[in-house]
Structures are given as C-alpha cells and as structure tokens.
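# okay, predicted coordinates and the sequence, questions at the end:
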Amino acid sequence: MFDTVKRSHCKTVLAILAMALLAGCASKSNTTGSIPDDYRTNHPIVISEQEQVADIPVGHADKRLSITQRSIVERVISNYHANGSGVIHILTPAGSPNERAAAALRNDITATLRRGGVKPFNISSETYQAPGASAPVRLSYSAMTASTNQCGQWPKDILDTADNKHYANFGCASQNNLAAQIANPADLLGPRASSPIDAERRGTVIDGYRKAPTWVYKPEMEVTY
C-alpha cells in the first residue's frame with residue numbers, strides 16, 4: 001500500500017516538473033517578439049547641415065555654359081535657396097588639360113548664380129589641383145540634409161541569427177533612398193503651416209452647393225422585379 005502511494009506521489013511530482021519546464025520554454029519563446037528590433041531605430045534618418053557638391057563637366061573647347069551645364073547650376077541655385085546657407089564655392093581645376101576652359105566658364109557660372117538670386121558676397125572662387133585629367137568645375141555649399149548612417153555593415157553572419165532579430169544592415173538602403181528623395185528635410189521635423197484660405201474660391205464652392213437642385217424621391221423611380 002505504501003509503495004503504491006509513493007509511486008503515485010512520484011508521478012505527480014514528475015508531472016508538475018514537466019509542466020514547469022514547458023511553461024518556462026513557452027515564456028522564453030514569447031519574449032523574443034518583445035525585443036525592440038526596428039530598422040528605423042537601427043538606421044534613423046537625421047537632419048543635419050552637410051556639404052553639398054555638384055560637378056560640372058568641362059570640355060577642352062568650352063567657352064560658355066551649355067544647356068546641360070546651366071541646368072546643373074540652376075539645380076544648385078534651387079536647392080541653395082530651399083535648404084542652403086553661407087557661401088557657394090566655385091572650384092576650378094588647376095593643372096588639368098581643360099584648365100583654360102574651366103576658367104572661362106567660371107565667369108558664366110558666377111553670372112548665372114547672381115541672376116538666380118545669390119548675393120555676390122555669398123559667391124567664392126577658388127582652384128584645386130587636378131593634374132592629368134579633365135576635371136570638372138565643382139560647386140560646393142552647405143545645406144540642411146536628410147541622411148542616415150553608413151550602409152554595408154556586416155558584423156555577424158546572416159545564418160548565425162538564432163535570436164530572431166534583424167541583421168545589422170537590414171533596412172539601411174531603404175532609409176538612405178527615402179532620405180535622398182525628400183525635397184525639404186524640414187518636413188521630417190513637423191508639418192508645415194497651413195496656407196491662407198482662398199476666400200473667393202471658397203465662396204464659389206459654397207454658392208454652387210446652395211444653388212444645386214434638391215433631390216426629390218418619386219415612386220416611379222423604384223424598380224420592380
């Protein structure tokens with residue numbers, strides 16, 4: 001009789017231990033889903049002032065800006081007025097085969113910048129050494145820019161991710177592409193102010209709504225089957 005009770009007690013203890021082990025495994029597997037693991041947290045988009053560079057290709061016989069070259073300068077002007085500040089530096093190559101052509105384009109670039117609304121004291125002209133190559137004229141200025149951290153970080157093997165988390169480089173390219181497509185980086189900081197109401201257009205719409213014919217129900221409009 002005693003042996004029977006003892007065996008029954010042992011079975012009960014073993015059953016309780018088995019349930020405890022299963023409960024422990026279940027709780028451990030559930031906690032992995034609660035670990036903060038978001039690509040937007042790992043690769044946040046940051047708004048900061050950074051150097052913007054635009055290169056203008058220069059041919060050996062160029063004397064004035066072509067349509068393509070002028071469009072590059074105009075894009076610089078547009079971005080400078082929207083997000084830039086300070087001085088726009090015109091860097092012309094020195095020691096390159098197209099040195100004379102680049103120097104000839106410098107005055108045309110300066111005139112284009114001034115016609116675009118850039119103040120004369122915000123335009124600087126300098127040279128940089130570029131021997132042995134057809135170097136471009138470079139426009140450099142500071143502007144508020146949306147960017148994220150450097151991509152291509154692979155500190156661990158993708159196959160060795162037993163903790164059920166993203167690998168380090170996950171989402172980095174998407175965040176960089178999103179940051180590059182934003183026309184106004186300030187939009188990430190908060191919504192813009194509402195534009196003034198067009199009172200004339202609002203009055204036209206309300207007047208049309210008031211004068212619209214009223215729908216009247218008619219029995220003959222019903223369809224019988």
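Received, thanks.
# only C-alpha atoms for contact and neighbour calcs from this point on.
Noted.
# for stretch 196-216, the averaged confidence score.
When pLDDT is averaged over stretch 196-216, the result is 87.
# now it, how far from the chain's geometric center?
Relative to its parent chain, stretch 196-216 has a centroid offset of 40 Å by C-alpha atoms, centre = their mean, to the nearest Å.
# contacting residues for the nearest residue to Ala61 once chain neighbours are set aside?
Spatial nearest neighbour of Ala61, chain neighbours left out: Ala101 (6.2 Å); criterion: C-alpha to C-alpha, 6 or more residues apart in numbering. Counting by C-alpha atoms under 8 Å, 6 or more residues apart in numbering, Ala101 makes contact with Val58, Gly59, His60, Ala61, Asp62, Lys63.
# try 10 Å this time
If you count contacts by C-alpha atoms under 10 Å, 6 or more residues apart in numbering, Ala101 has them with Val58, Gly59, His60, Ala61, Asp62, Lys63, Arg64, Thr92, Pro93, Val137.
# for Tyr209, same thing?
So Tyr209 contacts Gly203 (C-alpha under 10 Å, 6+ apart).
# distance check, the most centrally placed residue in the chain against Ala146.
When C-alpha atoms, centre = their mean is applied to the chain, the residue found nearest the centroid is Ala179 (0.9 Å). Here Ala179 is placed at a distance of 5 Å from Ala146 (C-alpha to C-alpha, to the nearest Å).
# ok, now Gln129?
If you go by C-alpha to C-alpha, the gap between Gln129 and Ala146 works out to 30 Å.
# how far is the host helix or strand of the residue nearest to the centre of the chain from where the chain is centred?
In the assignment (DSSP states H and E), Ala179 maps to helix 172-181. Mean C-alpha position of helix 172-181 versus that of the full chain (C-alpha atoms, centre = their mean) differs by 4 Å.
# tell me the first helix or strand C-terminal of that helix.
helix 199-211.
# mind jotting down where the helices sit in the protein?
2-31, 39-42, 67-83, 99-115, 172-181, 199-211 (DSSP state H).
# give me the phi and psi for Ala133.
Note on Ala133: backbone dihedrals following degrees, to the nearest 10 are phi -150, psi 150.
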